[in-house]
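**Student:** the following comprises the amino acid sequence and a computationally predicted model.
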Amino acid sequence: MPKLHQIIERHWQRPNPFLSLLLKPLSMLFAKIAAKRRDDFVSGRLKSEKLPVPVVVVGNIHAGGTGKTPIVAALVSGLQEKGVKVGIISRGYGRKSKAVHVLDAASRAEDAGDEPLLLFRKTGAPTAVGSSRAEAGRALLAAHPDIRLIVADDGLQHYALRRDVEIAVFPAVDTGRTDLDLLPNGSLREPLPRLDSVDAVVVSGGQADASFAPSKNMFHSRIETGQIYRLNQPSEILDTGRLKNQTVAAVAGIAKPERFFDSLRNMGITLNQTVALPDHADIAAADLPNADAVIITEKDAVKFSDDLNLNHVWVLPVCAIIEPDLAAFVLERLKDSRQVV
């Protein structure tokens, strides 16, 4: 039997008339609460904190699954290439502690959350997590006072932190839909007109429908896969040809696991078994299927300690290619607003 969250998520993609009848009133209530909360911050009735350096928020109006994390990594890397000392702040979803944590070489997923740890390891940018993004930002700046710009990962609805640039990531598959709705009847955290107020919209995972143009600053991103490497020895690249006579399993604890499985199949890899875990799910060596080779995502890879003897586990790296140059746009936007970086 499918679980409740699976039924709801399936409904978000292919609306069920009966469920829509039940959930629509709740979505209308959610819309009123979300609108009032944003208005309270915009009007000043609720206070938002300004950090001493510019803040660029990269978020979405969907409840996950937009491909945001690779876009954050690509933006941070692009800013670094332009000589900007940039830091990252995030909530750190799924971590065990609620205390603010500034990441270091010893940080683990239980300390920081899987996505912030992945961003930290992938970009090398100073990173801090905390339920209060402002508190995380202050801690990050105290530890790294040379930071000149902060990218807030998934903070579009975190209005307690003031932002200088807002970037919304929107999945290409939803750009032509007319049946999108707010939670719980749909997957949206905020209504579509929210996109009219952001500085830029990045369409992820394909080309947008011709009718979709909520912003004059539109960007597109695509995912490129890298070479599969051994979990505990990243310098060793997998020769996929040797997998033909082996049993191969793929494991993914991400919002859209089928994308990962399809990427492997498109590389000519035959998968004998696939395991789709909930997004951010904990995973340990005992949870891996019995196979000659197990291929996992980068996001899941950070959940394993480096000292584990998992020689049969391999990792598929991905990166986002954003066109046109999003980092250049951000710097120009800050320059226009006299937020010199």
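**Tutor:** Arrived safely.
**Student:** who are the contact partners of residue 115?
**Tutor:** 69, 90, 93, 153, 154, 280, 299 (Cβ atoms under 8 Å, 6 or more residues apart in numbering). In short, each C-beta sits where N, CA and C put it, glycine included.
**Student:** next, the contact list for residue 125, please.
**Tutor:** Here residue 125 is in contact with 76, 80, 86, 87, 88, 119, 151 (Cβ under 8 Å, 6+ apart).
**Student:** CSV for these, including pLDDT?
**Tutor:** Output for those, formatted as CSV (pLDDT from 0 to 100):
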residue, pLDDT
76, 98
80, 98
86, 98
87, 98
88, 98
119, 98
151, 98
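**Student:** and for residue 51, nearest residue in space, chain neighbours not counted?
**Tutor:** residue 137 (4.6 Å; Cβ to Cβ, 6 or more residues apart in numbering).
**Student:** correct me, but that neighbour touches residue 88?
**Tutor:** No. With contact defined as Cβ atoms under 8 Å, residue 137 does not count as touching residue 88 (10.0 Å).
**Student:** and for those two, which residues touch both?
**Tutor:** 128, 150, 152.
**Student:** in strands, which of these fall?
**Tutor:** Within the shared contacts of residue 137 and residue 88, residues falling in strands by DSSP state E are 128, 150, 152.
**Student:** ok, these vs residue 310, which is closest?
**Tutor:** Closest approach to residue 310 among those (Cβ to Cβ): residue 128, at 29.1 Å.
**Student:** pLDDT score assigned to the closest one?
**Tutor:** Note for residue 128: predicted pLDDT of 98.
**Student:** next, count neighbours for the nearest residue to it once chain neighbours are set aside.
**Tutor:** Spatial nearest neighbour of residue 128, chain neighbours left out: residue 140 (3.9 Å); criterion: Cβ to Cβ, 6+ apart. Counted with other Cβ atoms under 10 Å, the neighbours of residue 140 add up to 26.
**Student:** tell me which strands and helices the helix or strand hosting residue 140 is in contact with?
**Tutor:** Assigned by DSSP states H and E, residue 140 belongs to helix 133-143. For helix 133-143, the elements it packs on are strand 86-90, strand 101-102, strand 127-129, strand 149-153, judged by 3 or more Cβ pairs under 8 Å, 6 or more residues apart in numbering; DSSP states H and E.
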